[in-house]
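Trainee: Quick one, what's the 3D model for this:
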Amino acid sequence: MLKQLLVAALALPSVALADDDNGFGLAGILSASNKQDLPPVTLSAGIPLADAPWVLKSGTYYEFEIQGDGSQELALVGPEFFRAIWIDEIVVEGLEIRPLGLDSIEFDEAGEMEIGFVAIKPGRYYMKVPGSTGETQRLEITIK
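Mentor: Presented below is the predicted three-dimensional model:
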């Protein structure tokens, strides 16, 4: 019986370990070939959050930095956006955080954080400074 199982196993077609059908590699959608860097988001009193809206593709891995200059205690909210993505990690001063979800972030002083995520749910979203009404304090995001 063992001999028959071994012969059957050897007769199976070999599986390519280098790439899947989409060319992503062993890490799947987290592969470097599926990663894109987004422009940074700036948290600073009176400065626009970003230069232009983001247009993202569902299934693509993105990374962006949030840079706070400490000019004011500022937060960034976007609960609908954060629920439309899968957050891989948040990195703050070399510390990697792997949350189950996110509602908002806040900078009490100057610093940087990097967020890596996969865009999942198509739609129109935003991140903004809470309580602000100006267009420059809001980042429009579309996931296609």
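Trainee: now the spatially most central residue of the chain, nearest residue through space, not along the chain?
Mentor: Note on the chain: the residue nearest the mean C-alpha position is F117, at 2.0 Å, using Cα atoms, centre = their mean. Of all residues not flanking F117 in the chain, I85 sits nearest, at 4.4 Å (Cβ to Cβ, 6 or more residues apart in numbering). In this view, the C-beta of every residue, glycine as well, is placed from N, C-alpha and C.
Trainee: Hmm, the one you found is touching V118, no?
Mentor: Yes - counting by Cβ atoms under 8 Å, I85 touches V118, with 6.4 Å between them.
Trainee: When those two are compared, which one has more neighbours?
Mentor: I85 (22 against 18; other Cβ atoms under 10 Å).
Trainee: Relative to G94, how far out is that one?
Mentor: Using Cβ to Cβ, to the nearest Å, I85 is found at 23 Å from G94.
Trainee: L56 too?
Mentor: Counting by Cβ to Cβ, the separation of L56 from G94 is 26 Å.
Trainee: Pick out whichever of those two has more residues nearby.
Mentor: More neighbours surround L56 than the other of L56 and G94, with 22 against 5 (other Cβ under 10 Å).
Trainee: Now do the contacts for L102.
Mentor: F82, I87, I90 (Cβ atoms under 8 Å, 6 or more residues apart in numbering).
Trainee: What is the three-state secondary structure of I115?
Mentor: strand (DSSP: H, G, I helix; E, B strand; the rest coil).
Trainee: wait, it sits on F82?
Mentor: No - under the criterion of Cβ under 8 Å, I115 makes no contact with F82, lying 9.4 Å away.
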